[in-house]
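Novice: what's the 3D shape of this:
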Amino acid sequence: MPAEDIKAPGRKGLLTAAAAAVLMVGLVLSYGLIGRAQSKQEVVDWTNTHAIPTLRWPR
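Specialist: Below is the predicted model of the structure:
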């Protein structure tokens, strides 16, 4: 393949690829954070359901 046929990517193409990469990273992070928040809420709900109430007698 002759060197004349190879062109460097244009600025518009690089910006599009960078924007797509940033969007993908944001989606992955959002998915992880939402999953973590849901898991934490499930643990809080389970703990509150299964908690054994304690009594304090007056002194």
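
Novice: from here on, contacts and neighbour counts on C-alpha atoms
Specialist: Noted.

Novice: tell me the pLDDT of the most centrally placed residue in the chain.
Specialist: Nearest residue to the geometric centre of the chain (CA atoms, centre = their mean): Leu29, 2.1 Å. Looking at Leu29, its pLDDT reads 96.

Novice: any idea how far Lys12 is from it?
Specialist: Remark: distance between Leu29 and Lys12 (CA to CA, to the nearest Å) = 26 Å.

Novice: equivalent analysis for Ala18, please.
Specialist: Separation of Ala18 from Lys12 (CA to CA): 10 Å.

Novice: neighbour count winner among those two?
Specialist: Ala18 (12 against 9; other CA atoms under 10 Å).

Novice: all the strands of the protein, residue numbers only.
Specialist: Assigned strands in the chain: none (criterion: DSSP state E).

Novice: low pLDDT regions in it?
Specialist: Within the chain, the stretches with pLDDT under 70 are 1-3, 59.
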